[in-house]
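A.B. asks: take this sequence and fold it.
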Amino acid sequence: MSEPIYKSTTERVKVWLDKDGSTLQIQFNNPERHNALSVDMWEAVTPLLNVAESDERIRLVVFSGAGDKAFVSGADITQFEDMRAAKEAVARYELMAEQALMGIYNFSKPTLARIKGYCIGGGVNVAMSCDIRIAADDSVFSIPAARLGLGYRYSALKNLVDLVGPAVAKDLFFTARRINANEAREVGLITRVCEVENLDALESEYKQALAANAPITVCAGKSIIREILKPSPEIDHDLCRQLIKNCFESEDYAEGRRAFMEKRKPVFRGE
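C.D. replies: Reported below is the predicted structural model:
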């Protein structure tokens, strides 16, 4: 079987596999505009995730921004008049953004946002759609919708409330104020903070862990956590039970037991 081919539909989104093939890197590449998200950048995300979904090598997808200034600084405002001024254009833009963000959120495998510099508006939405958010201590976060008069999607605000709670969500959204990486960690918006020079090492820590751990167990945990966040009547308990059963019936579980008894590191294959 030939290996899946990853090709971005735009030069403003770069994509590559790390050396061992277990981590897919998706990088927003619009540094002259601090990686502001243009239409073609939104459109590039979903096809890449669709390929990664069926690629058995992939254990983690990392989202990052090109250059040293920004992860994502929001929407590319040079396209506002063309894409967001008319009703039809607004609807199309919002649909593309929603599809990309929900594609990240619903992706079955772990995702990580590697944040350095500005993480503003749409950048916060991309980060919130990921499972894990790590940031350099020079990062700055803001949701400036109230300063621009924009309507904000239900899904984006729900992600914000799920992460930081309603009180902090109101504070950040109503004021549109900027917060630094340490405050973002304190309120739960991001997971971990490190010094700028240690960001590569922190990312590598996650890549190595996800490459080594049992992917069936990790993906089952991600799916069950997603069910936990649903209102109680909507939780699919049958799905949760089946996911747990799949883990215990997997060859990876047998390998984990053997490795424990033999006092060696397990080699999980996702089977």
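
A.B. asks: which element is the closest residue to Ala156 other than its chain neighbours on?
C.D. replies: Leaving out its chain neighbours, the residue that sits closest to Ala156 by Cβ to Cβ, 6 or more residues apart in numbering is Asn125, at 5.0 Å. The C-beta positions use only the backbone N, C-alpha and C, and glycine is treated the same way. For Asn125, the enclosing helix or strand under DSSP states H and E is helix 122-129.

A.B. asks: what helices and strands are in contact with that helix?
C.D. replies: The contact analysis (3 or more Cβ pairs under 8 Å, 6 or more residues apart in numbering; DSSP states H and E) places helix 122-129 against strand 60-65, strand 70-72, helix 87-106, strand 111-115, helix 154-175.

A.B. asks: wait, what's in contact with Ile104?
C.D. replies: Val45, Leu49, Phe63, Thr111, Val126, Ser129, Cys130 (Cβ atoms under 8 Å, 6 or more residues apart in numbering).

A.B. asks: the last one: what's it in contact with?
C.D. replies: It refers to Cys130. If you count contacts by Cβ under 8 Å, 6+ apart, Cys130 has them with Phe63, Ile104, Thr111, Leu112, Ala113.

A.B. asks: of the residues you listed, which is the nearest to Arg177?
C.D. replies: Taking Cβ to Cβ as the measure, Arg177 sits nearest to Ala113 out of those, at 20.7 Å.

A.B. asks: beta partners of that closest one?
C.D. replies: Beta-bridge partners for Ala113, by DSSP bridges, are Phe63, Arg133.

A.B. asks: tally of neighbours for Asp236?
C.D. replies: If you count neighbours by other Cβ atoms under 10 Å, Asp236 ends up with 14.

A.B. asks: pretty sure it sits against Glu227.
C.D. replies: Yes. Here Asp236 reaches Glu227: they are 5.8 Å apart, a contact under Cβ atoms under 8 Å.

A.B. asks: tell me which of the helices and strands packed on helix 122-129 sits most buried.
C.D. replies: Stretch with highest mean neighbour count among these: strand 70-72 (a mean of 28; mean count of other Cβ atoms under 10 Å).
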